[in-house]
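> What follows is a predicted protein model with its sequence.
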Amino acid sequence: MSAKLSIATYAYEHTEALFDGRVTIDGVDATLHTAPLVSDIFRGMLEGRYDVAEFGLTYFLRSFDPESLEGAPFMALPIFPNRNFRHSAVFVNTAAGITRPQDLTGRTIGEFALFGHDAGVWLKGILSDEYGVTFDRCRWVIGGTDHPIPTFDWVPQPVPDGVDVRHAADGETLGAMLESGEIDALISVDVPRSLLNGSTKIARLFPDYENVERDYYRRTGIFPPMHIVAVRKELVERTDILKSVYRAFGEAKELTQQKYRQDALKQHMGVITPWFSRHFEENRTLLGEDWWPYGLTANRKAVDTFLRYHYEQGLSKHLLTSEDIFVPAFLDT
């Protein structure tokens, strides 16, 4: 008899085969869900609407009992549906005199959604490790980039002692505050619309971010994961079911990767981006044949680095390890 599971993930190209039925989950009667905003999926998981769901790493970690690992309602599968290099996610006011990362010290910085969103955890950690810029020497304003958003009161919001953090006022947006100079810089998964529209008042901290990010990968081997797939604690012992879920997500992802490999023979003529094949070739050379890997072996260093950053930034009370957060049956994947 098939197990009934409610499964939620964003509709990426590498999850499309789960939604259209090209990939099925053996032994599971799955009801698949998505949402216009991926954060709505996170909230739905926290509110008990799903059995299995894509989850931002920090949202997942904030669900852990700060005093004990026993109270965690979820564990993770080493499926990474969302990942991105993040040097491209730092924006500055061009009149603020910020020309290098070290110039961020002592500044007022906006951050999208909450203090320590996934991209923010990565960037604060990288700024500290590589440039000596620590988050506690800056002031922080939380909010929406181009649309006001309320405080995410459905998820714990720890803030380290002595760190100046406030939420933007009602109606304020971080993009407008950056353009006016009310804040000096911004860390955001969303690019400020005014920058895309040609504003000269906003620029990226790393103008040549692609080469900076490629160099970061060459040196560290880290392609930063943003999200994992979480499962309810009561499913942890159902390894047969969870292995089917893991295989299905992997098969859907591999179908997408294989299409890009095959389309290289025709220079990706179905893609409307000029020089895409050249870009694909460069990525394949740098990142390998499986450039978006699932499983813990290929991702352990990246995950453990994020866990360290989360702890150092005061978002986790304990320094967690991969063994603490992943379903035990998947530690050797």
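Sure thing, it's come through. Numbers count the residues shown, from 1 in each chain.
> Please count neighbours and contacts with C-alpha atoms only from this point.
Fine.
> Leaving out chain neighbours, which residue sits closest to the residue most central in space within the chain?
Compute the mean C-alpha point of the chain, and by C-alpha atoms, centre = their mean the closest residue is M226, 2.0 Å away. Using C-alpha to C-alpha, 6 or more residues apart in numbering and skipping residues adjacent in sequence, the residue nearest M226 is R83, 4.9 Å away.
> List the neighbouring strands of the helix or strand where I7 lies plus their orientation.
Element membership for I7 (DSSP states H and E) is strand 3-8. Sheet pairing for strand 3-8, assigned by DSSP bridges, gives strand 28-33 (parallel), strand 52-56 (parallel).
> which one of these is the most hemmed in?
strand 52-56 (a mean of 27; mean count of other C-alpha atoms under 10 Å).
> what packs against the next helix or strand after that one?
Later in the chain than strand 52-56, the nearest helix or strand by DSSP H and E is helix 57-62. Judged by 3 or more C-alpha pairs under 8 Å, 6 or more residues apart in numbering; DSSP states H and E, helix 57-62 is in contact with strand 227-232.
> Who are the packing partners of the strand it packs on?
strand 52-56, helix 57-62, strand 74-77.
> Give the partner strands of it in its sheet and their orientations.
When pairing is defined by DSSP bridges, strand 227-232 lines up against strand 52-56 (antiparallel), strand 74-77 (antiparallel).
> Can you pull out the residues in contact with it?
51-57, 60, 73-83 (C-alpha atoms under 8 Å, 6 or more residues apart in numbering).
> From those residues, keep the buried residues only.
For these, a burial check counting by 16 or more other C-alpha atoms under 10 Å picks out 51-57, 60, 73-82.
> ok, D164 - contacts?
By C-alpha under 8 Å, 6+ apart, the contact list for D164 reads D136, C138, R139, W140.
> Which of the helices and strands packed on strand 227-232 sits closest to D118?
Smallest distance to D118 across the helices and strands packed on strand 227-232 (C-alpha to C-alpha): 5.8 Å, for helix 57-62.
> Using CSV, list the CA coordinates for the closest one.
Below are the C-alpha coordinates for helix 57-62, written out as CSV (Å, rounded to 0.1, in the frame of the first residue of the first chain):
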residue,chain,number,x,y,z
LEU,A,57,18.6,26.3,5.5
THR,A,58,18.2,29.0,8.1
TYR,A,59,14.5,28.5,8.4
PHE,A,60,15.1,24.8,8.9
LEU,A,61,17.8,25.4,11.5
ARG,A,62,15.6,27.9,13.4
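> can you give me the strands in the stretch 51-200 of the chain?
52-56, 74-77, 90-93, 108-112, 139-143, 164-167, 185-187 (DSSP state E, counting those that start in this stretch).
> Determine the angle, from 0 to 180 degrees, between the fifth one and strand 108-112.
Orientation check (axes from the mean of the first three to the mean of the last three C-alpha atoms, to 10 degrees): strand 139-143 against strand 108-112 gives 30 degrees.
> Could you list every helix and strand that strand 139-143 packs against?
strand 108-112, strand 164-167.
> winner for burial among those strands?
For the helices and strands packed on strand 139-143, where neighbours mean mean count of other C-alpha under 10 Å, the stretch averaging the most is strand 108-112, with a mean of 26.
> how far out from the middle of the chain is that strand?
Relative to the centre of its chain, strand 108-112 is centred 17 Å away, using C-alpha atoms, centre = their mean, to the nearest Å.
> same deal with stretch 101-113?
19 Å.
> close enough to count as contact, the residue nearest to the centre of the chain and G116?
No - using C-alpha atoms under 8 Å, M226 makes no contact with G116, being 11.9 Å away.
> Identify the residues contacting G125.
Counting by C-alpha under 8 Å, 6+ apart, the residues that G125 touches are Y309.
> same deal with L242?
L242 neighbours (C-alpha under 8 Å, 6+ apart): L235, V236.
> Hmm, G295 is touching T333, no?
Yes - in this structure G295 lies within contact range of T333 using C-alpha under 8 Å: 4.8 Å.
> Now list whatever residues contact both of those two.
P78.
> These two: which is more packed in?
Taking neighbours as other C-alpha atoms under 10 Å, G295 and T333 compare with G295 leading, 17 against 12.
> That one looks like it's in a strand, true?
No - using DSSP: H, G, I helix; E, B strand; the rest coil, the assignment for G295 is coil, not a strand.
> tell me the mean pLDDT over stretch 220-233?
Mean pLDDT, computed over stretch 220-233, is 98.
> where does this structure have low pLDDT?
65-70 (pLDDT under 70).
> Could you chop it up by domain?
In the domain annotation for the chain, the residue ranges read 3-83+225-251+290-330, 87-220 (automatic domain parsing).
> how near is the residue nearest to M226 to W291?
R83 sits 11 Å away from W291, going by C-alpha to C-alpha, to the nearest Å.
> G143 now?
For G143, the distance to W291 - C-alpha to C-alpha - is 33 Å.
> Name the residues that touch stretch 311-320?
Contacts for stretch 311-320 (C-alpha under 8 Å, 6+ apart): 61-62, 66-67, 116, 121, 135, 158-160, 307-308, 310.
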